[in-house]
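> pasting the sequence and the predicted model now:
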Amino acid sequence: MSCILRICGDELDVDALLSVVDLEPDHVWRRGEPRRVSKPEGKRHEHSGVTFVASNSDFSEFNQQIDEATCYLDTHRVQITAMTSFEGVQHAILDFGIELRDVAIHSDILPLRFLKAAVETGVSVELSHYPCCDNENQSEQTMDVNRP
């Protein structure tokens, strides 16, 4: 998953939030729960939140991610706007996981149509650049979807 909509807050009632939308969440967490199921005595979530997949395109397909995320925002505009203005929401972020290219200047353009859709729904934008390797046998890096 390369583009994730992450909605979270310290006092967010994530179950109440999910009751007002019919979008399928990718991941849900609640404040105080263990961050990792495998380590129940480890660190705990400091806030509650939910993620939704806005694009499944690969890290190297940023333009496709933008197109799919724009369509996602346009298609679900009413529900996303309801979530971003929901009581307890502190962060609503559309996070693009994109390949960090080995070039002299790395730049990525955010088209006006996409920016307009993000602003209209109350969503901030994050570009998370990940180094990619040529060795397909290496395990993929994992993203921390729980950060605000």
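Structure received.
> residue contacts, the closest residue to Ala82 other than its chain neighbours?
Nearest residue to Ala82, sequence neighbours excluded (C-beta to C-beta, 6 or more residues apart in numbering): Val20, at 5.8 Å. Where C-beta positions appear, they are placed from N, C-alpha and C, glycine not excepted. By C-beta atoms under 8 Å, 6 or more residues apart in numbering, Val20 lies in contact with Gln79, Ala82, Met83, Phe86.
> for Val20, grab phi and psi.
The phi/psi pair for Val20 (degrees, to the nearest 10) reads phi -100, psi 0.
> list of residues touching the longest strand seen in the chain?
Determined from DSSP state E, the single longest strand within the chain is strand 91-100. With C-beta under 8 Å, 6+ apart as the test, strand 91-100 has contacts from 1-9, 49, 54-55, 59-60, 62, 65-66, 69, 73, 80, 83-84, 106, 108, 118, 121-132, 143, 145, 148.
> now the residues you listed: which count as buried?
Neighbour-count burial (16 or more other C-beta atoms under 10 Å) applied to the contacts of strand 91-100 gives 1-9, 49, 54-55, 59, 62, 65-66, 69, 73, 80, 83-84, 118, 121, 123, 128, 132, 145.
> follow-up on the earlier one: out of the contacts of Val20, which are buried?
The neighbour count (16+ other C-beta under 10 Å) marks Met83, Phe86 as buried among the contacts of Val20.
> which of the contacts of Val20 fall in helices?
Among the contacts of Val20, the ones falling in helices (DSSP state H) are Gln79, Ala82, Met83.
> flag every buried residue along stretch 87-104.
Gly88, Val89, His91, Ala92, Ile93, Leu94, Asp95, Phe96, Gly97, Ile98, Glu99.
> and the fifth one, what pLDDT?
So the one you mean is Ile93. Per-residue pLDDT puts Ile93 at 97.
> and it, how close does it get to Asp74?
Distance from Ile93 to Asp74, counting by C-beta to C-beta, to the nearest Å: 18 Å.
> fine by me, we can end here.
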